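Asker: Here is a sequence together with a model predicted from it:
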Protein chains: 2
Amino acid sequence: MDARPERFVAPRQQGRRLANPLARKFLNFRQLSRTDEEALDNALERVQRIGSREDIVQQGDAPRFVHVILEGWACHYKHLQDGRRQITSLLLPGDLCDPPMFLLKTAGQSLGTLTAVTLARIPAETMQAITTQSATLQECFWWDMLVRSEIQREWTVSLGRRTATERLAHLFCEISLRLKSAGMTNGVDCEFPVTQADLGDAMGLSTVHVNRSLQELRGGGLVGLRGKRLRIYNEESLRALANFEPSYLHMNQ
Amino acid sequence: MDARPERFVAPRQQGRRLANPLARKFLNFRQLSRTDEEALDNALERVQRIGSREDIVQQGDAPRFVHVILEGWACHYKHLQDGRRQITSLLLPGDLCDPPMFLLKTAGQSLGTLTAVTLARIPAETMQAITTQSATLQECFWWDMLVRSEIQREWTVSLGRRTATERLAHLFCEISLRLKSAGMTNGVDCEFPVTQADLGDAMGLSTVHVNRSLQELRGGGLVGLRGKRLRIYNEESLRALANFEPSYLHMNQ
DNA sequence: CGTGGGCTTGAGCGTGGTCAAGTTGGGTGG
DNA sequence: CCACCCAACTTGACCACGCTCAAGCCCACG
């Protein structure tokens, strides 16, 4: 795990200030004052790179930071003792990994990377500080938490009541939209660096069945998934198949 | 829906102040000052009674209140258009139904009762007020949200990777503990006013299969479930079967 | 050029679903 | 207090979605 501490510097582009990925996400909910934005920039510290398939937080650890993904994908997961694994959430660039978890004494689930990841973190005290200083930021963190919770609920619906193909279709719709809000796709073509085994662990399916369901989606001309890229050929049909209602993601309020 | 507005009055018992169910729950996390406790008592307003199987909030509604269950059971759920239903969470006495959801423009899922329910509510403005006035209360609400989120994650694990019997066993362990923390059971015998159909909708199973799995648990001498009461005969085996690790509920920190 | 991780395919099986018919029992009205 | 009724529960027969095991394939990487 080659960590190399350095302060986060929000990239600037074409003269226009490009918000850091977290600020960018919050903009879906609220305008941020210059002060808020700076507070947020300063809060992110110790940018570090972590390899693929490594743990950032392990089950039982005492949480001391809020992590933010800058690049790469990660996930929360849990192992049962006989080896079964369930991925409970997927974390994309710009995502907060563990909103004020340090209010809890121990992390309930592990947080691991799916690809190489660049991440920043906010120490508990900083979190406390910026959150008491700015009511807006406080609401932003709440908002983020509420949205993740909606996503989690929707996963519950998928795992409980959707068929294998529906689940995958629904997940593709969700991820595509989330990446779009992070400015990482035009909605047609995006990175999707997740193995079929991972997909299975996320959607409660076996690898084999993921593969076959994927073929069904491909066969219907709905999506393409090759070489870590997802292509959505027919978004309308995909959404119809998945019964996808984007409102739960609460984008562009 | 016979609503009869009245202010919430915390019951007193044997000289010792008995906290309102919300305060009581928060005590799992933090001591509350007298001021905090009073603020909380005053925040709860318009106690009302709602019949069984009615909606408190419907999908798409604009949230304006945080509801607190005083008596009875409720649930969040979602219908798919072909009639499939998934219950995404179970709400017990003392539970907050929708933490600061009014930060979101619309409710993603419906909130309905499973039994007759007595509930109080906190208006958005009050929520704002008590939360800015007391850092402790603010943390309490965060804590509650984080715990619900852990529960939600554990459901994801159940639906994704546990067998039917394991799911039910795990749920029984969870509910029993949650009721215990609400002071509503000694850990052996508790109310369980949920039909097998509801259980199926919660755990992603058909009613028929719930029934058969239940018989398996009964046959093993682990639990009894009759007449809206749950009896846990052999907690140890039940937990072992379910692979139940109570830490995710973060009780008695 | 070789190797291993990830993907694909096939065959057989099992958990859990569906459909349909009873049975039980709590709650209501006579 | 009993009779009735309907919702909830139970059982059986059959079926299918998705799992397991096993083998082979592809291709990115060293």
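Answerer: Cool, got the structure.

Asker: which residues in the stretch 1-150 of chain A form strands?
Answerer: In the stretch 1-150 of chain A, the strands defined using DSSP state E, counting those that start in this stretch lie at A:12-13, A:16-17, A:45-50, A:55-57, A:65-71, A:74-79, A:85-91, A:110-113, A:117-123.

Asker: Columns mean pLDDT and distance to residue B:30 on top of those, output as JSON lines?
Answerer: All C-beta spots, glycine's among them, are computed from the backbone N, C-alpha and C. Shown next, in JSON lines, are the strands of the stretch 1-150 of chain A (pLDDT from 0 to 100; distance: least, CB to CB, whole Å):
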{"stretch": "strand A:12-13", "mean pLDDT": "42", "distance to residue B:30": "42"}
{"stretch": "strand A:16-17", "mean pLDDT": "40", "distance to residue B:30": "39"}
{"stretch": "strand A:45-50", "mean pLDDT": "88", "distance to residue B:30": "28"}
{"stretch": "strand A:55-57", "mean pLDDT": "95", "distance to residue B:30": "24"}
{"stretch": "strand A:65-71", "mean pLDDT": "94", "distance to residue B:30": "20"}
{"stretch": "strand A:74-79", "mean pLDDT": "97", "distance to residue B:30": "26"}
{"stretch": "strand A:85-91", "mean pLDDT": "98", "distance to residue B:30": "27"}
{"stretch": "strand A:110-113", "mean pLDDT": "96", "distance to residue B:30": "26"}
{"stretch": "strand A:117-123", "mean pLDDT": "94", "distance to residue B:30": "21"}
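
Asker: Just tell me which of the ones you listed ends up closest to residue B:71.
Answerer: Closest to residue B:71 of the strands of the stretch 1-150 of chain A, according to CB to CB: strand A:85-91, at 31.6 Å.

Asker: Name the surrounding residues that touch that closest one.
Answerer: Residues outside strand A:85-91 that contact it (CB atoms under 8 Å, 6 or more residues apart in numbering or on different chains) are A:69, A:73-80, A:97, A:109, A:111, A:114, A:148, A:151-152, A:155, A:175, A:194, A:198, A:201-202, A:204, B:153, B:156-157, B:160-161.

Asker: circling back to that earlier point, redo the strands of the stretch 1-150 of chain A as CSV? Include mean neighbour count and distance to DNA strand C.
Answerer: As requested, the strands of the stretch 1-150 of chain A are exported to CSV (neighbours: other CB atoms under 10 Å in any protein chain shown; distance: least, CB to the nearest atom of the strand, whole Å):
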stretch, mean neighbour count, distance to DNA strand C
strand A:12-13, 8, 33
strand A:16-17, 9, 37
strand A:45-50, 18, 16
strand A:55-57, 20, 16
strand A:65-71, 22, 19
strand A:74-79, 22, 14
strand A:85-91, 23, 13
strand A:110-113, 21, 12
strand A:117-123, 21, 15
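
Asker: now those as CSV including distance to DNA strand D?
Answerer: Shown next, in CSV, are the strands of the stretch 1-150 of chain A (distance: least, CB to the nearest atom of the strand, whole Å):
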stretch, distance to DNA strand D
strand A:12-13, 28
strand A:16-17, 34
strand A:45-50, 16
strand A:55-57, 22
strand A:65-71, 17
strand A:74-79, 14
strand A:85-91, 11
strand A:110-113, 16
strand A:117-123, 17
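
Asker: In a markdown table: those strands, plus distance to residue B:48.
Answerer: Shown next, in a markdown table, are the strands of the stretch 1-150 of chain A (distance: least, CB to CB, whole Å):
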| stretch | distance to residue B:48 |
| --- | --- |
| strand A:12-13 | 53 |
| strand A:16-17 | 49 |
| strand A:45-50 | 48 |
| strand A:55-57 | 42 |
| strand A:65-71 | 38 |
| strand A:74-79 | 37 |
| strand A:85-91 | 35 |
| strand A:110-113 | 41 |
| strand A:117-123 | 41 |
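
Asker: could you pull out the helices for the stretch 1-150 of chain A?
Answerer: Counting by DSSP state H, counting those that start in this stretch, one finds helices in the stretch 1-150 of chain A at the ranges A:21-26, A:34-43, A:124-133, A:135-161.

Asker: Let me have those in JSON lines, adding distance to DNA strand C and mean neighbour count as columns.
Answerer: Listed next are those as JSON lines, based on distance: least, CB to the nearest atom of the strand, whole Å; neighbours: other CB atoms under 10 Å in any protein chain shown:
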{"stretch": "helix A:21-26", "distance to DNA strand C": "26", "mean neighbour count": "23"}
{"stretch": "helix A:34-43", "distance to DNA strand C": "34", "mean neighbour count": "17"}
{"stretch": "helix A:124-133", "distance to DNA strand C": "34", "mean neighbour count": "16"}
{"stretch": "helix A:135-161", "distance to DNA strand C": "9", "mean neighbour count": "21"}
